[in-house]
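Student: Need the 3D shape of this:
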Amino acid sequence: MTNQPDFDVFLAHNSQNKPQVKAIATKLKRRGLKVWLDEEQIAPGRAFQDVIQQAISNVKSAAIFIGTEGLGKWQILELRSLISRLVEADIPVIPVLLPEVEGIPQDLIFLQELNWVSFANGIDDIEALDKLESGIRQKQVKSLPKTSGRFDVLLCYHDEDRNQVKQIAEQLKERQIRPWLDIWEAFAGTSWQQLLETQIAKINSVAVFIGRSGGPWQQEQIEPFIWEFIEQKRPVIPVILPNVVQEPQLPIYLRRRTRVDFRQQDPEPITQLINGIPEVNE
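Tutor: As a prediction, this is how the structure comes out:
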């Protein structure tokens, strides 16, 4: 039996991001969470890698902070083995994007299947903190919206377009349309792919959002979901976001489908999108 306390979350970060991570850690503590932070748990003179390995067996979740400077040296060397150990122990791993980081870096592609938290609006963003807390506790925080039962439409998008898609999702909810949006339906740190696989039969259609960086089909883990809707003859709606400058190059299976263009004001794009979504009948 160990005398060490159990921690709710292990905070892995680059030392250059220490001020931001400490500020978030303080906010988590105020919410009653026990936080493992290296400077508080590693005594002077101790080999930090040894202490970190011991800590893994004593935490309930892990938050991997990614800043503009990238990962720290120990993170680069240890992150894969750390995550492997956490996954084997069924411990949630939560990627956390600090301000000015728009998405998971390509060299960390193994984190992209996990639902992440973004502090793009600053470390005082209450919604991001709520989402992080939900991921740590694996329990829904009241302020975060969540749909139950069947869904009208899956919102399929590229990570860099998340904020725009979220705004559209909120407009859909205001009009009584039930969207499946990963940031609402999947806890941070869990695999949105696995959750979607179990729920896809409950979704009537899919909206495929095309932004400045292209479309979600460019991510190999997303394309199979789009094809499932096509094969089931459920509506697949291409949606052009406002930030697209040039005419987008769509894959063949989307080119002949009527699209919604948010660069145009007439007809109203949100109304046009709603008209293409078959409502759930219960």
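Student: Pull the contacting residues for the residue lying closest to Arg175 once chain neighbours are set aside.
Tutor: Distance criterion Cβ to Cβ, 6 or more residues apart in numbering; nearest residue to Arg175, sequence neighbours excluded, is Ile274 at 6.0 Å. C-betas here are computed from N, CA, C, even on glycine. By Cβ atoms under 8 Å, 6 or more residues apart in numbering, the contact set of Ile274 is 172, 175, 177.
Student: Thought Arg263 was touching Val244, still the case?
Tutor: Yes: counting by Cβ atoms under 8 Å, Val244 touches Arg263, with 6.5 Å between them.
Student: the more surrounded of these two?
Tutor: With neighbours defined as other Cβ atoms under 10 Å, Val244 and Arg263 compare such that Val244 has more, 18 against 11.
Student: and that one, that one's in a helix?
Tutor: No: under the criterion used here (DSSP: H, G, I helix; E, B strand; the rest coil), Val244 is coil, not part of a helix.
Student: hang on, the earlier thing: which of the contacts of Ile274 count as buried?
Tutor: 172, 177 (16 or more other Cβ atoms under 10 Å).
Student: Save the contacts of Ile274 as CSV, and put in secondary structure, distance to Leu37 and pLDDT too.
Tutor: Shown next, in CSV, are the contacts of Ile274 (DSSP: H, G, I helix; E, B strand; the rest coil; distance: Cβ to Cβ, whole Å; pLDDT from 0 to 100):
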residue, secondary structure, distance to Leu37, pLDDT
Leu172, helix, 39, 96
Arg175, coil, 44, 93
Ile177, coil, 42, 94
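Student: Of the contacts of Ile274, which is the nearest to Glu40?
Tutor: Closest approach between the contacts of Ile274 and Glu40, by Cβ to Cβ: Leu172, at 43.3 Å.
Student: and His13, how many neighbours does it have?
Tutor: Residues near His13, counting by other Cβ under 10 Å: 24.
Student: Is it correct that it is in contact with Phe65?
Tutor: Yes: assessed by Cβ under 8 Å, His13 is found in contact with Phe65 at 3.9 Å.
Student: quick one: common contacting residues for these two?
Tutor: Contacts common to His13 and Phe65, judged by Cβ under 8 Å, 6+ apart, are Val21.
Student: Okay, now the unreliable bits of the stretch 151-282 of the chain?
Tutor: For the stretch 151-282 of the chain, the stretches with pLDDT under 70 are 280-282.
Student: Confirm that Pro95 lies within a strand, as I assumed.
Tutor: Yes: counting by three-state DSSP, Pro95 falls inside a strand.
Student: Which of the helices or strands spans Ile237?
Tutor: Element membership for Ile237, per DSSP states H and E: strand 236-240.
Student: CA atoms only: put that strand into PDB for me.
Tutor: Provided in PDB are the C-alpha atoms of strand 236-240 (Å, rounded to 0.1, in the frame of the first residue of the first chain):
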ATOM      1  CA  VAL A 236     -24.100  14.100 -47.400                       C
ATOM      2  CA  ILE A 237     -24.000  17.900 -47.500                       C
ATOM      3  CA  PRO A 238     -20.800  19.800 -48.600                       C
ATOM      4  CA  VAL A 239     -20.600  23.100 -46.700                       C
ATOM      5  CA  ILE A 240     -18.200  25.900 -47.800                       C
END
